[in-house]
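*Asks:* Pasting a predicted model and its sequence here:
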Amino acid sequence: MTSRLERITEQRLDSLSRIRARGMDPYPHSYHPSHTIREAITLFERQGASSQDISLAGRIMSKRSIGKMSFLDIRDSSGKMQLSLRYDLMGRERYEFLQDIDIGDIIGARGKLFRTKAGELTLEVSDFAMLCKSLRPLPEKWHGLADVEKRYRQRYLDLISNEETRSIFILRSKIITAIRSFLDKQGFMEVETPVLQPHAGGALARPFVTHHHALDQDLYLRIALELHLKRLVVGGFDRVYEIGRTFRNEGISTMHNPEFTLLECYQAYSDYNGMMRLVEEMFSHIAKEVLGDTKITRNGQTIDLGLPWQRTYLREAIKNSCGIDFEDYPDAASLRTRMAELNMDVDPTKGKGRLIEELISTFVEPKLIQPTFLLDYPVEMSPLAKRKRGDDQLVERFEGFVDGMEVANAFTELNDPLEQRERFRQQLKERVADEEVELADEDFLQALEYGMPPTGGLGMGLDRMVMLLTGQQSIREVILFPQLKTKE
């Protein structure tokens, strides 16, 4: 027994054969619409009914007939338009051609704009052309594409069927454009750095490894942008940024995808205080630019992304939330014992810095709903950050949180080459026990020896910013093609 999909595909193949039998090309090379649908709507709103012919192109989303009149709804990337096709205007041969046009086909149509008695703007079609015959049916009109996994695997169907999905990715594009505009006006220069790198540095993460055959050398997909961007600061570019794909061979969750879009920017002669101001101003500016307001609603709560953000010291936040003062525990073993008393399942291979990260994610992050900076991290957690003025056990680092989600990470950058080399050496001691430690990069260390000015550095996951501004709870909703396990 044939399936419904097989029957529909067979019917459409028959229609395709009839179209070709008429001597028509169902897949022509090009078409030149005079307007987008949005432009056509604007034209009518400005001029009203006109004798001028216009041409539009788009995918057929619905089709209905009343006697010798048919209506089609088409959509292009800018909007939707109703088409009116009349037997008496088009003639028998052209009108009967409609029998071989299906929902999902892409057509071009020429005619005049008018408004129906019901008030709907419509193109009265005098002629049309088949631009692409669709051989598979779209998801049911009234249900759309609801299967979550299918939406991610076949994003093209999701975009065709779901207006909300299209709006998310249109807004994502506007957010990234607004970020670039904001940083450009601040005097930053956009640059590009290598994706394939001989060392996986700039963050604590497990990398993807590949092999370059011509060089006969293993390379890593970058886990961060930091080390190359700081080389550029050494080279004399005082304000640089990059928006690029980054890769981490780690778990998948509603907050994590193996490849994601990262913004990193570096400002010479600044520090983490300057980066805090930059983050506040950027989020406030972007929200106003794309949403018209700094206030968003998440899980029934109103969150204000405007200035100023709250500032809380990390040590106090952990102590207030679970009673642990990490400065009371000189090593990982003692801290691990204390955490076990709180019934936490602690990994015996993790160092003190990684254990403190668990305390943050378990007890602190969920409570940071309004925009908040957590300040001053233990030196063990931040091998690339400068020690805090007045306290050598801490570094000048902050993480920004909104609605319990980390959205920014910044340092006063360490520019002492001798201390940086020693930090890497200490980190490498943990390499046997923990794969996710900083790897030494000799060329980067040499660059620091030539001298890098005092610098503030910032990293922001743009996918999470898009989640905030579009009201999404899963990172997969804001990445066009999220990573999924391949089907057998």
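*Replies:* Arrived safely.
*Asks:* What distance do you get for residue 76 to residue 127?
*Replies:* 18 Å (C-beta to C-beta, to the nearest Å). Every C-beta, even on glycine, is put in place using the N, C-alpha and C of the backbone.
*Asks:* Then residue 20?
*Replies:* 19 Å.
*Asks:* where along the stretch 51-200 of the chain do the helices fall?
*Replies:* 87-90, 92-96, 148-153, 155-161, 163-185 (DSSP state H, counting those that start in this stretch).
*Asks:* Which of the ones you listed sits closest to residue 369?
*Replies:* Taking C-beta to C-beta, helix 163-185 is the member of the helices of the stretch 51-200 of the chain nearest to residue 369, at 21.2 Å.
*Asks:* List the buried residues for that closest one?
*Replies:* 165, 168-169, 171-172, 174-176, 178-179, 182-183 (16 or more other C-beta atoms under 10 Å).
*Asks:* Quick one: residues in contact with that helix.
*Replies:* Residues from elsewhere that reach helix 163-185 (C-beta atoms under 8 Å, 6 or more residues apart in numbering): 151, 155, 158-159, 190, 241, 243, 261, 263, 265, 281-282, 285-286, 289-290, 462, 465-466, 469-470, 472, 477-478, 480.
*Asks:* Repeat the analysis, applying 6 Å as the threshold.
*Replies:* 158-159, 241, 282, 285-286, 289-290, 466, 470 (C-beta atoms under 6 Å, 6 or more residues apart in numbering).
*Asks:* CA atoms of the strand or helix carrying residue 267 as PDB?
*Replies:* Element membership for residue 267 (DSSP states H and E) is strand 259-268. Output in PDB follows, covering the C-alpha atoms of strand 259-268 (Å, rounded to 0.1, in the frame of the first residue of the first chain):
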ATOM      1  CA  GLU A 259      29.300  25.100  17.600                       C
ATOM      2  CA  PHE A 260      28.100  28.600  18.600                       C
ATOM      3  CA  THR A 261      28.600  32.200  17.700                       C
ATOM      4  CA  LEU A 262      31.000  34.200  19.900                       C
ATOM      5  CA  LEU A 263      31.700  37.900  20.100                       C
ATOM      6  CA  GLU A 264      35.100  38.800  21.600                       C
ATOM      7  CA  CYS A 265      36.400  42.300  21.800                       C
ATOM      8  CA  TYR A 266      39.600  43.800  23.300                       C
ATOM      9  CA  GLN A 267      40.300  47.500  24.200                       C
ATOM     10  CA  ALA A 268      43.800  48.700  25.000                       C
END
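*Asks:* from the middle of its chain, how far away would the next helix or strand after it be?
*Replies:* The helix or strand immediately downstream of strand 259-268 is helix 272-291, counting by DSSP H and E. Relative to its parent chain, helix 272-291 has a centroid offset of 18 Å by C-alpha atoms, centre = their mean, to the nearest Å.
*Asks:* Determine the angle, from 0 to 180 degrees, between helix 272-291 and helix 163-185.
*Replies:* 140 degrees (axes from the mean of the first three to the mean of the last three C-alpha atoms, to 10 degrees).
*Asks:* Ok, which of the helices of the stretch 51-200 of the chain comes nearest residue 27?
*Replies:* Among these, helix 155-161 sits nearest to residue 27 (C-beta to C-beta), with 17.5 Å.
*Asks:* so which strand or helix has residue 8?
*Replies:* With DSSP H and E as criterion, residue 8 is part of helix 4-21.
*Asks:* List the buried residues for the helix or strand just after that helix?
*Replies:* Sequence order places helix 37-47 as the next helix or strand after helix 4-21, per DSSP H and E. Within helix 37-47, the residues scored as buried using 16+ other C-beta under 10 Å are 37, 39-41, 43-44.
*Asks:* circling back to that earlier point, turn the buried ones among the contacts of helix 163-185 into a named ChimeraX selection, would you?
*Replies:* The following ChimeraX line selects those of those that are buried, judged by 16+ other C-beta under 10 Å:
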select :158,159,241,282,285,286,290,466,470
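*Asks:* so is residue 369 in a helix, a strand, or just coil?
*Replies:* For residue 369, the assignment made with DSSP: H, G, I helix; E, B strand; the rest coil gives coil.
*Asks:* What of the one 5 residues further on?
*Replies:* Reduced to three states with three-state DSSP, the structure at residue 374 is strand.
*Asks:* and it, what does it touch?
*Replies:* Contacts of residue 374 by C-beta under 6 Å, 6+ apart are 312, 314, 399.
*Asks:* which residues does residue 261 bridge with?
*Replies:* With DSSP bridges as the criterion, residue 261 is bridged to residue 245.
*Asks:* still on that earlier bit, mind checking which of the contacts of residue 374 are in strands?
*Replies:* 312, 399 (DSSP state E).
*Asks:* on that earlier part again, including pLDDT and distance to residue 70, could the buried residues of helix 163-185 go into a markdown table?
*Replies:* Formatted as a markdown table, these follow (pLDDT from 0 to 100; distance: C-beta to C-beta, whole Å):
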| residue | pLDDT | distance to residue 70 |
| --- | --- | --- |
| 165 | 95 | 29 |
| 168 | 97 | 33 |
| 169 | 97 | 32 |
| 171 | 97 | 35 |
| 172 | 98 | 37 |
| 174 | 97 | 36 |
| 175 | 98 | 40 |
| 176 | 98 | 41 |
| 178 | 98 | 42 |
| 179 | 98 | 46 |
| 182 | 98 | 49 |
| 183 | 98 | 51 |
